[in-house]
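A.B. asks: prediction below, plus the sequence it came from.
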Amino acid sequence: MINITINDIKLQVPYGTTILDAAKMANIHIPTLCHLNLHDINMVNRTASCRVCLVEVEGRRNLAPACATECFEGMVVKTNTERAIRARRTMVELLLSDHPTDCLVCEKNGNCDLQRLAAELGIRKIRYEGEKSTYTKDSSSGALYRNPDKCIMCRRCETMCNEVQTCGIYSAVDRGFETVVAPAFNLPMIDTQCTFCGQCVSVCPTAALTEVSYVDKVWEALFDSEKYVIAQTAPAIRVALGEEFGLNPGDNVTGKMVAALRRLGFKKVFDTNFAADVTIVEEAKEFIDRLNGKGRLPILTSCCPSWVKFIEHQFPELLDIPSTCKSPHMMFGAIAKTYFAEKFNIDPEKIVVVSIMPCIAKKYEIQRKEFKHGNLQDVDYVITTREFARMIREAGLDFTKLPDEDFDNPLGESTGAAVIFGATGGVIEAALRTAYEWITGESLGNVEFNEVRGLKGFKEATVKIKDMDIKIGVANGLGNARKLLEDIRDGKRFYHAIEIMACPGGCINGGGQPYHHGNLDIVKARLEALYKLDKSKPLRKSHENPAVIQMYKEYIGEIGGEKAHKLLHTHYTK
Ligand code: HC0
Ligand code: SF4
């Protein structure tokens, strides 16, 4: 431990502590902008590029960035001297001098760290005026929107993409005033190996990185009397949407979410969870087939489109191991435009399927050419949790006062196994519940597989099923997935089944969720809420979902059969 003094407060801190962290221990606030410490997922952005956290250190001529300066024995720090305050304000004013001042119409209005900081520092006037950078905006992917004019060069996106996701999409291109954080050769995002996980969006402090919005398209469809617009809601949004309306992270707002969708004009409000149960019966069947020698092990879950794009780019030699199951929301789209349309005699051409997702990659996924029947796309639009909240506000709904309503049926019925899809480990846990019962023919007493739960980047478990020791691996975050796949490719590790989710924590921390502003306790609260929801469900195994059983009886036939393959399965491209 070493002794230091900050603003006349004496304290002891461990070696290696930065001034910023030491100040936090003494409850002293030092403003920051580029700094971000997501300890739980091993991401620290320590570029010290914004210089907003400058403080005075006794005996040093220059001001020191608190986020990147380690304490030393006897250090004396002052955070609020005239010089430090002036320097901090100047740094922000210089950033603002090259920043569009269109806050009123900016997507991040109210959620922007730069805006918050300008207010916090009492900046009322931008003293420096000069040239402003303008760059090409990029919406080439239809998923992720880049507006480099709003980039403040904090490099959080770079740290997230390079170190956590190991995709290496961004770096600083050009020099001096021309410098921009961009993909190599300034390629359009759709031509890069970006997986559209949206984790860079989650940590971008401004609106330099956001999602391509489809709110206007969805309104257009809702106002078109010729269209039959239906909604499906992802497992993870029901425990996060409330945050947009001042409720606590993890508050379950399923009933109000359904009520809001009805009031926005959706003809039917269905649940992706129904399709998650369908995914499990198909995937469990495929897993058992592979255990019986029909196909290669391990089987990899395939419901995360960002992860699918990652394996296609990075491990093309392993493309025979992901399950061929489509993701639940894509299965839902196919079911809605066939089974549902036929059962209720609705022209599939008129059906518009809108997925409300915590995810940005789902916007890319729906455009993949294999997800079409004839000229009809399985899913028409994806909007994020944040875009959905925006629509609720635009419609003037008082969200917290809405009554709790139930999903429509039959595509609104689901089990506890489906809701945990939204958390890392949830898909494999759901699959195990079904596979166990189908293999043993016995009822599973304790349905909870605690070893695969939680935010840890990599988890494993061995589950005894009959005389087999089934080895399970679970990775979340693409960097963790990469390590796991390298070992599998090189024959260093063996698993029977693996779940991978691209976002650290799974969909609860998707790139389209309400911003966590660096507080991962929010993500933990969402995660716990999903397991609570599972516990509260009368049915907790996918194969017991009566609406799923009915659909197979009436329409699809055999699980894993010909029609199931046509509607519910896919293939991958190198
Ligand atoms: Fe997910 Fe999904 S669980 S990917 O994380 O599998 O986005 O929530 O909707 O499709 O069900 C996201 C969340 C989904 C899908 C489901 C899966
Ligand atoms: Fe990297 Fe994901 Fe952002 Fe793409 S979306 S640049 S893969 S962090």
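C.D. replies: Sure, I can see it. Numbering: from 1, shown residues only. Ligands and ions are numbered 1, 2, ... in the order given.
A.B. asks: could you check which residue of the stretch 51-200 of the chain lies nearest ligand 1?
C.D. replies: G198 (10.0 Å; C-beta to the nearest ligand atom). (C-beta placed from N, C-alpha, C; glycine too.)
A.B. asks: so what's the spatially closest residue to A336 that is not a sequence neighbour up against?
C.D. replies: Closest residue to A336 apart from its sequence neighbours, by C-beta to C-beta, 6 or more residues apart in numbering: V353 at 5.3 Å. Counting by C-beta atoms under 8 Å, 6 or more residues apart in numbering, V353 touches I230, Q232, F332, G333, A336, K337, D378, V379, D380, Y381.
A.B. asks: okay, now the second one: neighbour count?
C.D. replies: Other residues lying near Q232 total 30 when counted by other C-beta atoms under 10 Å.
A.B. asks: surely it and S355 touch.
C.D. replies: Yes - the criterion here is C-beta atoms under 8 Å, and Q232 meets it with S355 at 5.3 Å.
A.B. asks: overlap of the contact sets of these two?
C.D. replies: T272, H329, F332, G333.
A.B. asks: could the residues you listed go into TSV alongside neighbour count and secondary structure?
C.D. replies: Below are those laid out as TSV (neighbours: other C-beta atoms under 10 Å; DSSP: H, G, I helix; E, B strand; the rest coil):
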residue	neighbour count	secondary structure
T272	31	helix
H329	27	helix
F332	29	helix
G333	30	helix
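A.B. asks: now, which of the residues you listed sits nearest ligand 1?
C.D. replies: Nearest to ligand 1 among the shared contacts of Q232 and S355 is H329, at 3.6 Å by C-beta to the nearest ligand atom.
A.B. asks: C-terminal to the strand or helix carrying R88, what's the next element?
C.D. replies: Assessed by DSSP states H and E, R88 sits inside helix 82-97. Where DSSP H and E defines the elements, the next helix or strand beyond helix 82-97 is helix 113-120.
A.B. asks: so that following helix versus helix 82-97, what angle?
C.D. replies: With axes from the mean of the first three to the mean of the last three C-alpha atoms, to 10 degrees applied, the angle from helix 113-120 to helix 82-97 works out at 130 degrees.
A.B. asks: which parts of the stretch 101-250 of the chain sit against ligand 1?
C.D. replies: Contacts of the stretch 101-250 of the chain with ligand 1, taken as C-beta under 6 Å from any ligand atom, map to A234, P235, A236.
A.B. asks: top of those residues by number of neighbours, please.
C.D. replies: A236 (32 neighbours).
A.B. asks: let's verify it: helix, strand, or coil?
C.D. replies: helix (DSSP: H, G, I helix; E, B strand; the rest coil).
A.B. asks: give me the nearest residue to it, chain neighbours excluded.
C.D. replies: Nearest one to A236, counting by C-beta to C-beta, 6+ apart, is G422 at 3.2 Å.
A.B. asks: and that neighbour, what is it in contact with?
C.D. replies: Residues counted as contacts of G422 (C-beta under 8 Å, 6+ apart) are A234, P235, A236, V239, P358, G506, C507, I508, R526, L530.
A.B. asks: for it, give its distance to ligand 2.
C.D. replies: Separation of G422 from ligand 2 (C-beta to the nearest ligand atom, to the nearest Å): 19 Å.
A.B. asks: could you measure from that residue over to P358?
C.D. replies: Separation of G422 from P358 (C-beta to C-beta, to the nearest Å) stands at 7 Å.
A.B. asks: and for the two, which residues touch both?
C.D. replies: A234, A236, C507, I508.
A.B. asks: name the helix or strand for the nearest residue to the last one once chain neighbours are set aside, please.
C.D. replies: What that stands for is I508. Spatially, and ignoring its direct neighbours in sequence, I508 is nearest to R526 (4.1 Å; C-beta to C-beta, 6+ apart). For R526, the enclosing helix or strand under DSSP H and E is helix 521-536.
A.B. asks: ok, and what's touching that helix?
C.D. replies: Here helix 521-536 has contacts from 235-236, 238-240, 243, 248-252, 254, 416-417, 419-420, 422-423, 426, 453-455, 505-506, 508-509, 513, 516, 540, using C-beta under 8 Å, 6+ apart.
A.B. asks: so what are the sheet partners of the least confident helix or strand in the chain by mean pLDDT and their directions?
C.D. replies: The helix or strand with the lowest mean pLDDT-type score in the chain, counting by mean pLDDT, DSSP states H and E, is strand 372-373 (a mean of 84). Next to strand 372-373 in the sheet, as set by DSSP bridges, lie strand 376-377 (antiparallel).
A.B. asks: what's in contact with the partner strand?
C.D. replies: G333, K337, P348, E349, I366, Q367, F371.
A.B. asks: again, 7 Å this time
C.D. replies: The contact list for strand 376-377 (C-beta atoms under 7 Å, 6 or more residues apart in numbering) reads K337, P348, E349, I366, F371.
A.B. asks: next one: stretch 123-139
C.D. replies: In contact with stretch 123-139 (C-beta under 7 Å, 6+ apart) are residues 89, 92-94, 96-98, 145-149, 177, 180, 188-189, 212.
A.B. asks: pLDDT averaged over it - what is it?
C.D. replies: Averaging pLDDT along stretch 123-139 gives 91.
A.B. asks: that one near ligand 2 anywhere?
C.D. replies: No - using C-beta under 6 Å from any ligand atom, stretch 123-139 stays clear of ligand 2, coming no nearer than 11.2 Å.
A.B. asks: gap between the two ends of that stretch?
C.D. replies: 32 Å (C-alpha to C-alpha, to the nearest Å).
A.B. asks: again with stretch 355-362
C.D. replies: 9 Å.
A.B. asks: check whether that stretch contacts ligand 1.
C.D. replies: Yes - Stretch 355-362 lies within reach of ligand 1 by C-beta under 6 Å from any ligand atom, at M357, P358, C359, K362.
A.B. asks: one more: stretch 327-345?
C.D. replies: Yes - counting by C-beta under 6 Å from any ligand atom, ligand 1 is contacted by stretch 327-345 at S327, P328, H329.
A.B. asks: same question for stretch 296-313.
C.D. replies: Yes - using C-beta under 6 Å from any ligand atom, stretch 296-313 reaches ligand 1 at C303, C304.
A.B. asks: how about residues contacting that stretch?
C.D. replies: For stretch 296-313, contacts defined as C-beta under 7 Å, 6+ apart pick out 193, 195-197, 279, 283, 286-287, 290, 318-323, 325, 327-328, 361-362, 364-365, 427-428, 478, 481, 488, 495-502, 572-574.
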